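**Q** let's see this in three dimensions:
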Amino acid sequence: MPVVTLSSGNSLINDLQISSQPASSASGTTFTVGVTAYIYRSLLFFDLGLIPNDAIINSATLKLTRSGSNSLTSIDAHRVLGDWNNGTTWGGQPSFDQQKIGTFAITTSVTLDLKSLVQAWVDGTYVNHGIILKSPDESVQTTVAFYSSEYGGPNSPQLTIDYTIPTTGKKQVEYVGKTAVDNTVQATSKTIPLPSGVQQGDLLLAQLSHSSSSVAIVPPAGWTTLVDVGVAGIRHGVFYKFAVPSEVNPTFTSSSGRIFEGALMAFRNVKQVGETFAANPSATSVFSPPATNTIYNKAVLLLLNATIGSPTATPPLSFSEINESTNSTAQVNAQVSMRYMHDKKSTVATETQTTLSTTASGESRALYLEPIVNNPPTLTLTSPADNQTLAEGSSVLLGSTNDFILRISPSDPDVSDALEYTIILRGVTKQPYTACANGVAFDYSIPYADLLLGNNAVQVTVRDNNGGQATINFTLRNKAPSTISQQSVLQVLTALGYPNASATCLNDLKPSDYGTVTISLSEILNSLD
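**A** This next block holds a predicted model:
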């Protein structure tokens, strides 16, 4: 189970002290909660970009470290309901949920259990506006001060989250792994091994750079080129495809020998790749694409940077670095980092700044990965078996009127989805889409009279109201009644006392054929009577 501690060193954190003294607020190395001549409250926000949306939160603990002595012995925490920033004052403070998260005792530090609240933030039940800390009794003059995020180090606020990505019902993009590309020898082609654990449907994303802006990077067949541009003396290429069964290691080529740098990365549960946004910085130590916007919900934002020279790169706060390949021979650096957007639909340039160890030129690019948020239903037939042979009156015909019974079990991990099913027999719809209950088995009858002799193709489909579906195709084999000769039929009927039996009357029932006939005894007797 991944455990991530969000702190001022890796995450965007904001904390703000507000006071009932008019227009008073402060953002320093400490913040105060309690009452003196005025009431002091403090707002605290942790960005969750390092935590997957819709993850299962096993625990979430906030730790605050006391600065100096305290007369206040406990604090209340409440969920904030609106936006705020460093300019927020007492009069403009956001509203908060009157039902407190809890009251927490203060020693040299205080720990707050935020598991339920963080779970609601990551699954989208609540928008993350942070929490507000206040005295349980704001009529009593007692205070406590805590180190803020500006103080830095281990005494600054820390939120430790233990989470699990669901094995079924995923609604988040999941990073699978990478294969780094780091060569020292020039070549006109580069074959990159697939990252470990790649499955059918995974997004394969390649970022490649080399030190000639005029030499194109050519992907293998089946790959889509997002960008292949020359800038600042380097080539920057980004390519993708969705893995197919028996996916092979891709080979990228160029028209002249180059030293390739970059990585082949794999992501799971991706619906599509969004637009890219690029900037071409020159001689700077801060790389950042322009402000970005997306229509996707719960997207992953990727930053892809390529530089001339070999500086090391530090990703922005709330981003995790996936790959950094620095090649001092080719004088190229390629770097990728990611963050989960949750309810965010845009960023500003200051939130996506990758810091370089030295000044450099190159390209900074951003793109979005949209997750698959709908999980398709599943379909199980407990009856029949594929290619099952039927005969009129046989025990496998379960209906009281000699119908054949399909026993259908639909299921969908998205329990709120509405389901419906359809039945198609030999290409003809027997049952238009009809509502069915999630997880509840039901029977559908196919009259025996609707089955032709020999093979009968049957298709059962269950779909949900968000575009997911499951289909099962199978064959029912209808066994013909026993075949007998005309002479045998005449002998039997004569022995039974039917004097009108003759070859002529039998031929009236079926086309003349003097061989065998496939005719039921009931048809013969009804004709003679």
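**Q** so for stretch 375-394, mean pLDDT?
**A** Averaged across stretch 375-394, the pLDDT comes to 76.
**Q** give me the buried positions along it.
**A** The neighbour-count criterion (16 or more other CB atoms under 10 Å) identifies 375-377, 379, 381, 384, 390 as the buried residues of stretch 375-394. C-beta: built from backbone N, CA, C; applies to glycine.
**Q** of those, closest to Thr358?
**A** The closest of those to Thr358 turns out to be Asn375 (CB to CB; 46.6 Å).
**Q** I'd like to know how many residues surround Ser196.
**A** 10 (other CB atoms under 10 Å).
**Q** just Asp137 next, same as before
**A** A count of nearby residues for Asp137, using other CB under 10 Å, gives 12.
**Q** secondary structure element for it?
**A** For Asp137, there is no enclosing helix or strand under DSSP states H and E.
**Q** Gln353 contacts Ser318, doesn't it?
**A** No. Between Gln353 and Ser318 there is no contact, the gap being 11.6 Å when judged by CB atoms under 8 Å.
**Q** quick one, which of these two is more surrounded?
**A** Residue environment comparison for Gln353 versus Ser318 gives the larger neighbour count to Ser318, 22 against 19, counting by other CB under 10 Å.
**Q** low-confidence regions, this protein specifically.
**A** Along the chain, segments meeting pLDDT under 70 span 23-25, 330, 390-402, 480-529.
**Q** swap in 80 and give it another go.
**A** Across the chain, residues meeting the criterion (pLDDT under 80) sit at 1, 22-27, 168, 182-184, 295, 327-331, 383-404, 448, 478-529.
**Q** pretty sure Ala243 sits against Leu205.
**A** No. Using CB under 8 Å, Ala243 is not in contact with Leu205, being 11.0 Å away.
**Q** so for those two, which residues contact both of them?
**A** Taking CB atoms under 8 Å, 6 or more residues apart in numbering as the contact criterion, the common neighbours of Ala243 and Leu205 are Ala266.
**Q** compare those two (neighbour count), which wins?
**A** The neighbour comparison of Ala243 against Leu205 (other CB under 10 Å) goes to Leu205, with 24 against 18.
**Q** where does the more buried one sit: helix, strand or coil?
**A** When the structure is reduced to helix, strand and coil (DSSP: H, G, I helix; E, B strand; the rest coil), Leu205 reads as strand.
**Q** quick one: it and Gly237 touch, right?
**A** No. Because the distance of 11.3 Å does not satisfy CB under 8 Å, Leu205 is recorded as not touching Gly237.
**Q** before we move on, back to that, just put the buried residues of stretch 375-394 in TSV and tack on secondary structure.
**A** Converted to TSV, the buried residues of stretch 375-394 look like this (three-state DSSP):
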residue	secondary structure
Asn375	coil
Pro376	coil
Pro377	coil
Leu379	strand
Leu381	strand
Pro384	coil
Leu390	strand
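**Q** which pair in those residues spans the largest distance?
**A** Taking CB to CB as the measure, those span a maximum distance of 34.9 Å, between Asn375 and Leu390.
**Q** list the buried residues of stretch 423-443.
**A** Residues of stretch 423-443 classed as buried under the neighbour-count rule (16+ other CB under 10 Å) are 423-425, 430, 436, 438.
**Q** farthest-apart pair in these, please.
**A** Farthest pair in the buried residues of stretch 423-443 (CB to CB) is Leu425 and Asn438. Separation: 25.0 Å.
**Q** CA atoms only for stretch 142-157, dumped as PDB, please.
**A** What follows is the C-alpha trace of stretch 142-157 in PDB, where atoms were taken according to Å, rounded to 0.1, in the frame of the first residue of the first chain:
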ATOM      1  CA  THR A 142      -6.300  30.600  25.600                       C
ATOM      2  CA  THR A 143      -3.900  30.200  22.600                       C
ATOM      3  CA  VAL A 144      -1.500  27.800  20.800                       C
ATOM      4  CA  ALA A 145       0.900  28.400  17.900                       C
ATOM      5  CA  PHE A 146       2.000  25.900  15.400                       C
ATOM      6  CA  TYR A 147       4.900  25.900  12.900                       C
ATOM      7  CA  SER A 148       3.600  26.700   9.400                       C
ATOM      8  CA  SER A 149       4.600  25.500   5.900                       C
ATOM      9  CA  GLU A 150       6.800  28.500   5.500                       C
ATOM     10  CA  TYR A 151       8.900  27.300   8.500                       C
ATOM     11  CA  GLY A 152       9.800  24.200   6.500                       C
ATOM     12  CA  GLY A 153      11.500  21.000   7.600                       C
ATOM     13  CA  PRO A 154      10.000  18.200   9.700                       C
ATOM     14  CA  ASN A 155       8.200  20.600  12.100                       C
ATOM     15  CA  SER A 156       6.000  22.100   9.300                       C
ATOM     16  CA  PRO A 157       2.500  20.600   8.800                       C
END
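**Q** so which strand or helix has Leu117?
**A** For Leu117, the secondary-structure element it belongs to, assigned by DSSP H and E, is helix 115-122.
**Q** can you name every helix or strand that that helix contacts?
**A** Taking 3 or more CB pairs under 8 Å, 6 or more residues apart in numbering; DSSP states H and E as contact, the helices and strands that helix 115-122 lies on are strand 56-65, strand 158-164.
**Q** can you pull the buried residues of it?
**A** By neighbour count, with 16+ other CB under 10 Å as the criterion, the buried positions of helix 115-122 are 117-122.
**Q** any idea how far the nearest residue in space to Pro384 that is not next to it in sequence is from Thr251?
**A** Computed as CB to CB, 6 or more residues apart in numbering, the closest residue to Pro384 that is not its neighbour in sequence is Leu476, at 6.6 Å. Counting by CB to CB, to the nearest Å, the gap from Leu476 to Thr251 is 48 Å.
**Q** between those two, which has more neighbouring residues?
**A** Using other CB under 10 Å, the more surrounded residue of Leu476 and Thr251 is Leu476, with 24 against 12.
**Q** what's next to the helix or strand harbouring that one, contact-wise?
**A** Leu476 belongs to strand 469-478 when elements are defined using DSSP H and E. Under the criterion CB under 8 Å, 6+ apart, residues 376-379, 381, 384, 386-391, 404, 410, 446, 451-463 lie in contact with strand 469-478.
**Q** try it again with 7 Å
**A** Outside of strand 469-478, the residues within contact range by CB atoms under 7 Å, 6 or more residues apart in numbering are 376-379, 381, 384, 386-390, 404, 451-463.
**Q** can you give me the strands for the stretch 101-250 of the chain?
**A** According to DSSP state E, counting those that start in this stretch, the stretch 101-250 of the chain carries its strands in the segments 102-105, 109-113, 131-134, 143-147, 158-164, 174-182, 187-191, 203-210, 224-231, 234-242.
**Q** then the stretch 251-400 of the chain?
**A** Using DSSP E, counting those that start in this stretch, the strands of the stretch 251-400 of the chain run over residues 251-258, 261-268, 270-279, 284-287, 292-293, 300-308, 313-314, 320-327, 332-340, 346-347, 354-360, 362-371, 378-383, 388-390.
**Q** Gln17 is nearest to which of those?
**A** Nearest of these to Gln17, taken as CB to CB: strand 346-347 at 26.9 Å.
**Q** surely Val415 and Asn438 touch.
**A** Yes. A contact is recorded between Val415 and Asn438 when judged using CB atoms under 7 Å, the distance being 6.3 Å.
**Q** who does Lys471 bridge with?
**A** Just so we're on the same page, residue 471 is Thr rather than Lys. Here Thr471 sits in beta bridges with Thr461, as judged by DSSP bridges.
**Q** now for it, how many residues are close by?
**A** 12.
**Q** pull up the distance across stretch 180-187, start to finish.
**A** The stretch stretch 180-187 measures 17 Å between its terminal residues, going by CA to CA, to the nearest Å.
**Q** again with stretch 382-389
**A** First-to-last residue span, stretch 382-389, CA to CA: 16 Å.
**Q** how distant is that stretch from the center of its chain?
**A** From the chain centre to the centre of stretch 382-389 is a distance of 35 Å (CA atoms, centre = their mean, to the nearest Å).
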